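Student: Below: sequence and its predicted model.
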Amino acid sequence: MGTLIEKAMERAIKAIKNNDYDRAKAVKKYTIQVANLEETVRTSGMKILTTQQPVARDLRLVSVAFKISDHMLRIADQTYNVAEITKQLIGESVVQTPERLIEMGNKTIAMVKNAINSFVNLDIDGARAVIQADDEVDNIFVSVRDDLIILINENKKNGAQAIDYVMISKYMERIADYSVSISEQVIYYITGTYPILEETEEDEEE
């Protein structure tokens, strides 16, 4: 699932950057495969729960796998939405594709890759790095959104296309959030505690 998501996202971002309809169209096949694999993970997990009755760390792994596969499915859905809007934008020339939008897309792809790798390698430092990277993506989103709002205010003809770009940036922000959620699940699997609970305990000690 992780590999398919990465391929889908890479094609979606290249489609935006190069006004490439074929790349945008290709995203759909990857998202369909991700959906099929998510169902396979869910079915396999339920079979393990009912036939093997796992306990402790094994039970936690199954629970985490359920949630991570669901987050991956959501990332695939958001990537598909990005590709569909991009297809509509092909040929439009009123508003130039914001450079920071491409930057945001590349950083989001990196977050997804690192989140998946942190699960594969049980890398708690890598998972925490993904969580920290989310602030940067959020800041770029605000910058892109504000720049596009200015374009709309300058000329109403920019409106429709600018709003489409805002929607794309919002989908990317959500993908980044799902990457954070995957990383939080990795930390939970390794430590038995969610990051938010760790922060709460630290605040109480202070």
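Tutor: Now that the structure is in, tell me what you want to look at. Values in this document were obtained by computation on a predicted structure and should not be read as measured data.

Student: and the host helix or strand of residue 166, average pLDDT?
Tutor: Per DSSP states H and E: residue 166 is located in helix 159-191. For helix 159-191, mean pLDDT is 95.

Student: in that helix, what counts as buried?
Tutor: 161-162, 164-166, 168-190 (16 or more other C-beta atoms under 10 Å). Quick note: C-beta positions are derived from backbone N, CA and C, even for glycine.

Student: Roughly how far does residue 64 sit from residue 46?
Tutor: 15 Å (C-beta to C-beta, to the nearest Å).

Student: Next: residue 129.
Tutor: Taking C-beta to C-beta, one finds residue 129 at 32 Å from residue 46.

Student: And the two? Which one has more around it.
Tutor: Remark: of residue 129 and residue 46, residue 129 carries more neighbours, 15 against 12, as counted by other C-beta atoms under 10 Å.

Student: now that one, nearest residue through space, not along the chain?
Tutor: Closest residue in space to residue 129, ignoring its immediate chain neighbours: residue 114 at 6.5 Å, by C-beta to C-beta, 6 or more residues apart in numbering.

Student: And residue 172, by the same measure?
Tutor: Residue 172's closest residue in space is residue 108 (C-beta to C-beta, 6+ apart), at 4.8 Å.

Student: repeat for residue 79
Tutor: residue 8 (4.8 Å).

Student: Contact partners for the residue most central in space within the chain?
Tutor: Per C-alpha atoms, centre = their mean, the C-alpha nearest to the average position across the chain is that of residue 175, at 2.3 Å. Taking C-beta atoms under 8 Å, 6 or more residues apart in numbering, we find residue 175 in contact with 9, 75, 78, 79, 108, 111, 112.

Student: Surely residue 54 and residue 62 touch.
Tutor: Yes - with contact defined as C-beta atoms under 8 Å, residue 54 counts as touching residue 62 (5.9 Å).

Student: re earlier: can you name the next helix or strand after the helix or strand encompassing the residue nearest to residue 129?
Tutor: Counting by DSSP H and E, the element that carries residue 114 is helix 99-120. The element immediately downstream of helix 99-120 (helix or strand, assigned by DSSP H and E) is helix 124-154.

Student: packing partners for that next one?
Tutor: Helix 124-154 sits against helix 99-120, helix 159-191, with contacts defined as 3 or more C-beta pairs under 8 Å, 6 or more residues apart in numbering; DSSP states H and E.

Student: so how far is that helix off the chain centroid?
Tutor: 13 Å (C-alpha atoms, centre = their mean, to the nearest Å).

Student: Right, I'll call it a day here.
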